[in-house]
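**Q** got a structure for you, letters missing:
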């Protein structure tokens, strides 16, 4: 195997290797389509089958990285050689390998904007083109859009629960590997978090970086106050003291009472956060440190934050980690990517759908329309065949053309723009959906349109 | 920001960027250690705080990628410039930036072998060296070891439940992004799965690739049998037919009855897998296709596989996806990396531990010893101070030296070797631990050793 990585390879996926992050069957189907269905075009749609019980909505993310993937996707000569040596491809002729080497993504793509609120069954991405191409990209697209949306949707709940308190992503160490850590930071920021502890995400994506200190730092000094003084000396304007290494309130007292110690706030990482934050606040205030902030962390999620805020805990900022970046209560979304239409070389178009028990799908390319109230609040969605007459009134179509024959036809929003859009979307959620309780589902109607007459048409 | 990536960057972590996949505080602490604790050395240990209720053991994975990270870790001049522009580092002097640019990992590392069965509280990795260095690597190490172990531990349960049936990783599309997909494939194979659908993992890691066809392939043809014939024509020796696009048993009947159709087996992806596999088996046999295999997939995990096998379902292979690669029932492990000892420049060594409520840790560097019965079955573990007299009898130490001052001092096992080791480890599990039910915990004793006299010593 030419390209095999040894045990000491860093084992990261390089941009030029993205095409290999796919299921084997995407490539075997490529070969079979090529031999038996040449010139056939397909339309695939990506949607989320069901919402987890603890999600009233999803916040779409991952579209920009998905488009980057489509734009950059190639198979190098070395990769084609490596594929040749896989047993699955042993019997195939040259045409298959040549076509991979020559491949450039040449499909049309429609997508919703990152930051859009979406619901079960609504196509968020639609790809039309040579069927083997549109098929090939399934695995990577699903992994990107599904994971980004998973974290953004969880983070949106955290954002809503925290109100105007500051929330920082602290989850890098518990994400599903280093790339998941970086992508989770992006998705969480897109959903409205204020900052991340992840340096990569700060350097490359421009997300504000934030952090305090670790227990190890305190333990590295002969005594706690010496550790606090050292850190504050190095970072006179940025010091948050981690106070729960030994006895939380004694540490707060020591720090607050030290007239030479300058710090912005304290961080509580264990214990009863309500009681400790109240007591810490009192101590800080007693010493005239009304401006010192209280940051808390430790197994936090939207429920815990909501509870602390309901109880009036004097907490200024929340560090959220594991439960957000793994979407711990619902660690996977049922994202699917399904063929909905086939076009023969002669132009005859068939709408298709599988009808397996419990996993039915709706045939035909679709558009999603959303109606809002005069206040801007979302009222209901309507999913119609793509070519159907749009509904009358204040309906907004959510899928927009983004690529034509593999070339971008629309600007891809920068992260800040997507984040602003997400904020505006969350502000338009019906109140019941922004609560943490499971709500009556948002109404989404799937309707056959006026022009959709039967299964086969030109 | 020099290095900011635009919205159309593929957004992958490159090997030369690994050092930035860290929490901000690792770098701020670096600066503060440098100014206030120069020449101090620290020992950190990595362990899993608790096992999830649905895990009787963990299967350690991620050590090889962790060592690759430690070996390759650098900060390029461009990265140092980018860090300079982050507000957190605005006030720092040149020494900080110079030290990052000059940094090479120079710590001593002890680790358990990949594929080792481990339990809560047992250090699996120990790093000793300049405290700022040993601190710096925390975030990436945790992400790598924790995620790999998470999936390997889930996959080990799947492996045990499936007995000698074939099990294939089908999870790439639902993993937490494309890198998680590749790493999950590696961890699952290490834990004993037979193959993966992930092409990257097959090409680069040598894991056998496996796959069938998608519903879209069937839908792309005018009729189901035409799709089957086409695929079998392209892959005469490797065809598994996906039979549940419309009516599962009718599809099996059509395929089995077609004298010209050559296929290795059928795949059931929905419906009642017990009934359908029995009916499919009967149809295949009736048509003289006793050799045709039955593959099933669709929301499978160790419980479902166990149930199907208990019921005697005639299933030859299982495709396992979402629930395994996200470790859905326990999507995070409480992996921690804690400072346990500090050595002053003069050589005075202190053992340290934090004592926060509910999150206490044990001070001092440790070694883990395992005692086995004559049959080879694991009996109990003992965690002793590193320098304690080893226990007498058939105890095996599990932590081995792997790096000395940043240089490898032991061969890092190839994946196949780690997989063989994992298999031998799983074979030595006490029976109650290899069952799917929550078992009486395996006995692990933590003991202060004979030489560990008090808190401070040379």
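**A** Everything's here; your move. The shown structure was predicted, so the numbers you read here are calculated from the model rather than taken from an experiment.

**Q** How about residue A:194: what's its closest non-neighbour residue?
**A** In space, residue A:194 comes closest to residue A:166 once its chain neighbours are excluded; the distance is 4.9 Å by CB to CB, 6 or more residues apart in numbering or on different chains. Every residue, glycine included, has its C-beta placed from N, CA and C.

**Q** give me the beta-bridge partners of that neighbour?
**A** Assessed by DSSP bridges, residue A:166 has beta-bridge partners residue A:317.

**Q** need the contact list for it.
**A** Residue A:166 is in contact with A:194, A:195, A:316, A:317, A:318, counting by CB atoms under 8 Å, 6 or more residues apart in numbering or on different chains.

**Q** hmm, 7 Å instead?
**A** Applying CB atoms under 7 Å, 6 or more residues apart in numbering or on different chains to residue A:166 gives the contacts A:194, A:316, A:317.

**Q** all strands for the stretch 201-350 of chain A, in order.
**A** A:240-242, A:265-268, A:293-297, A:317-320, A:335-343, A:349-351 (DSSP state E, counting those that start in this stretch).

**Q** mind giving me a markdown table with the contacts of residue A:166 and columns for pLDDT, distance to residue A:8 and neighbour count?
**A** Output for the contacts of residue A:166, formatted as a markdown table (pLDDT from 0 to 100; distance: CB to CB, whole Å; neighbours: other CB atoms under 10 Å in any protein chain shown):
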| residue | pLDDT | distance to residue A:8 | neighbour count |
| --- | --- | --- | --- |
| A:194 | 98 | 38 | 18 |
| A:316 | 98 | 44 | 15 |
| A:317 | 98 | 40 | 21 |
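
**Q** Out of those residues, which is nearest to residue A:432?
**A** Taking CB to CB as the measure, residue A:432 sits nearest to residue A:194 out of the contacts of residue A:166, at 26.0 Å.

**Q** Please verify my assumption that that closest one contacts residue A:169.
**A** No - counting by CB atoms under 7 Å, residue A:194 does not reach residue A:169; the two are 8.9 Å apart.

**Q** Make sure I have this right: residue A:127 is in a strand.
**A** Yes - per DSSP: H, G, I helix; E, B strand; the rest coil, residue A:127 lies within a strand segment.

**Q** do you know how far it is from residue A:267?
**A** Per CB to CB, to the nearest Å, residue A:127 is found 46 Å from residue A:267.

**Q** cool, and residue A:194?
**A** Per CB to CB, residue A:194 is found 15 Å from residue A:267.

**Q** got it, and residue A:135?
**A** 49 Å.

**Q** Show me which of those two is the more surrounded one.
**A** residue A:135 (26 against 21; other CB atoms under 10 Å in any protein chain shown).

**Q** contacting residues for that one?
**A** Counted by CB under 7 Å, 6+ apart, residue A:135 has contacts A:26, A:29, A:42, B:216.

**Q** Would you agree it falls within a helix?
**A** Yes - using three-state DSSP, the assignment for residue A:135 is a helix.

**Q** picking up where we left off before, cross the contacts of residue A:135 against strands and list the overlap.
**A** residue A:42 (DSSP state E).

**Q** And the furthest pair within the contacts of residue A:135?
**A** Maximum pairwise distance in the contacts of residue A:135, criterion CB to CB, is 12.7 Å, between A:26 and A:42.

**Q** quick one, which of the two is more surrounded?
**A** For residue A:26 versus residue A:42, the count of surrounding residues by other CB under 10 Å is larger for residue A:42: 25 against 20.

**Q** From residue A:124, how far out is that one?
**A** 18 Å.

**Q** Kindly report the same for residue A:100.
**A** Between residue A:100 and residue A:124 the distance is 28 Å, computed by CB to CB.

**Q** Then residue A:174?
**A** Counting by CB to CB, the gap from residue A:174 to residue A:124 is 27 Å.

**Q** From the recorded domain assignment, give the ranges for chain A.
**A** A:15-136+A:334-457, A:163-324 (automatic domain parsing).

**Q** Now the weakest link among the ones you listed, please, by mean pLDDT.
**A** Note on those: lowest mean pLDDT is at domain A:15-136+A:334-457, with a mean of 94.

**Q** and it, how far from the chain's centre?
**A** Centroid separation for domain A:15-136+A:334-457 versus its chain: 16 Å, with CA atoms, centre = their mean, to the nearest Å.

**Q** right, and residue A:433 touches residue A:441 too?
**A** No - using CB under 7 Å as the test, residue A:433 is too far from residue A:441 to be in contact (8.9 Å).

**Q** quick one, which of the two is more surrounded?
**A** Using other CB under 10 Å, the more surrounded residue of residue A:433 and residue A:441 is residue A:433, with 19 against 13.

**Q** Who are the contact partners of the more buried one?
**A** Taking CB under 7 Å, 6+ apart as the test, what residue A:433 contacts is A:56, A:57, A:439, A:442.

**Q** Could I get the phi/psi values of it?
**A** Backbone geometry at residue A:433, expressed as degrees, to the nearest 10, gives phi -80, psi -30.

**Q** Could I get the phi/psi values of the residue lying closest to it once chain neighbours are set aside?
**A** Distance criterion CB to CB, 6+ apart; nearest residue to residue A:433, sequence neighbours excluded, is residue A:56 at 4.2 Å. The phi/psi pair for residue A:56 (degrees, to the nearest 10) reads phi -90, psi -10.

**Q** which residues sit against the helix or strand where residue A:381 lies?
**A** Residue A:381 belongs to strand A:378-385 when assigned by DSSP states H and E. For strand A:378-385, the surrounding residues in contact (CB under 7 Å, 6+ apart) are A:117, A:119, A:121-122, A:364-373, A:391, A:395, A:428-430, A:443-449, A:451-452.

**Q** and what of stretch A:232-250?
**A** A:212-215, A:218-219, A:224, A:228, A:231, A:251-252, A:255, A:261-271, A:276, A:279-280, A:283, A:295, B:28, B:31-32, B:35-36, B:88, B:354-356.

**Q** Flag every buried residue along that stretch.
**A** Using 16 or more other CB atoms under 10 Å in any protein chain shown as the burial criterion, the residues of stretch A:232-250 that qualify are A:232, A:234-235, A:238-246, A:248-249.
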